[in-house]
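Enquirer: Sharing a model that was predicted from the sequence below.
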Amino acid sequence: MVANQSDPIDFLLLGFSIKGQRRFCFFIVISMVYIATITANVLIIIIIKVDQRLHKPMYFFIGGLSFLELWYPSLTVPKLLWSLKTEDQHISLTGCLTQFYFHFALGATEMFLLTSMAYDRYVAICNPLRYLVIMNRNVCTTLILGSWVCGFIGFIGPCLRISTLWYCKGHKIDHYYCDFAPMIRLSCSDTGKAENMFFYTTLFITVGCLLLILISYVWITKIVIKCPSASGRRKAFSTFAAHLFVVILFYGTIMFMFIIPVGHDSLHFNKIASLVPSIVTPLLNPLIYTFRNQEVKEAVLKTAQTMLICQASI
């Protein structure tokens, strides 16, 4: 197929090459995980909103993360489910570029947001007496909005660059969403500038945010080690353990995807690995914060009891 940018271009998202009963089972599993992800994150937002005990900076950020996790899987999973159900794998060039941009912009937003949450934990542990003064509502709102703004601005350049490419080497994208590498393989233009811009943007945001998170935890660790009592150290650790686990899960998946050797098999592993940040991590995040945090667990139980009482009184 030879196409220029003046022609309407439709791509085919090849997705996962599974047929018959396995395809149906895969559809059911992805559907259940997606529904659970949306439900869990909506519940976390509601609980943080209605429970006065959770009106603290840390939970403000957790609510912001849950709101983000509603959008991130919704970019790719509904299209994947639709193609599994109907075998309609078509997506327009405009739709593909839109999906590409929002996917990476939201991913960058999560990195900035996790960095802001690391700063929040740093202030809570290293400067507890002035924590509520430093992390006031204006500061928290600025950090969350700034994370969204930086994430969306960061990937404007790569998206504009990739939108100028000509696609003439076929129309089959070997992925379940419009990822960078599969799209580049279909272009007959000089992709050097697009690849460099995408690589350095991703590298700058990923490494920059990770370094800031690591610096925060180095200072936190120093303070925790100096704590004279074992109970004090346990309490300090419990305040950032959930966030640390989420950071390890998020960045661990990204690093795993980058270290896979280049080749045909790597595309298959990349598709499978990308399901983790797309649907698994957004589901695990609210569960991690629920089970690792006593206040959230109590708020969940209180909300559940209130709902049961309301149902019983009807």
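Expert: Done, it's in. If you're wondering where the values come from, they're calculated on a predicted model, not measured in any experiment.
Enquirer: Would you double-check that residue 11 falls in a strand?
Expert: Yes - according to DSSP: H, G, I helix; E, B strand; the rest coil, the state of residue 11 is that of a strand.
Enquirer: Pull the contacting residues for it.
Expert: Counting by C-beta atoms under 8 Å, 6 or more residues apart in numbering, residue 11 touches 90, 91, 92, 93, 96, 171, 172, 173, 178, 186. All C-beta atoms are positioned from the backbone trio N, CA, C, and that covers glycine.
Enquirer: List just the nearest of the residues you listed to residue 254.
Expert: residue 178 (18.1 Å; C-beta to C-beta).
Enquirer: got the contact list for that closest one?
Expert: Contacts of residue 178 (C-beta under 8 Å, 6+ apart): 11, 13, 91, 96, 97, 99, 100, 103.
Enquirer: quick one: it from residue 79, how far?
Expert: Between residue 178 and residue 79 the computed distance is 10 Å (C-beta to C-beta, to the nearest Å).
Enquirer: quick one: common contacting residues for those two?
Expert: Jointly contacting residue 178 and residue 79 under the rule C-beta under 8 Å, 6+ apart are 13, 91, 99.
Enquirer: if we can go back for a sec, among the contacts of residue 178, which one lies nearest to residue 222?
Expert: Nearest to residue 222 among the contacts of residue 178 is residue 103, at 37.1 Å by C-beta to C-beta.
Enquirer: Surely the closest one and residue 76 touch.
Expert: Yes - counting by C-beta atoms under 8 Å, residue 103 touches residue 76, with 6.6 Å between them.
Enquirer: Within the helices and strands, which one has the closest residue to residue 210 other than its chain neighbours?
Expert: Once flanking residues are discounted, residue 210 sits nearest to residue 251: 6.1 Å by C-beta to C-beta, 6 or more residues apart in numbering. Following DSSP states H and E, one finds residue 251 within helix 230-259.
Enquirer: Tell me the buried residues in that helix?
Expert: 236, 239-240, 242-244, 246-247, 249-251, 253-254, 257 (16 or more other C-beta atoms under 10 Å).
Enquirer: do the same with stretch 288-304
Expert: 288, 289, 290, 292, 293, 296, 299, 300.
Enquirer: so can I have a markdown table of those residues showing secondary structure and pLDDT?
Expert: Shown next, in a markdown table, are those (DSSP: H, G, I helix; E, B strand; the rest coil; pLDDT from 0 to 100):
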| residue | secondary structure | pLDDT |
| --- | --- | --- |
| 288 | helix | 84 |
| 289 | helix | 78 |
| 290 | helix | 74 |
| 292 | coil | 68 |
| 293 | coil | 72 |
| 296 | helix | 77 |
| 299 | helix | 77 |
| 300 | helix | 74 |
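Enquirer: Done for today, thanks.
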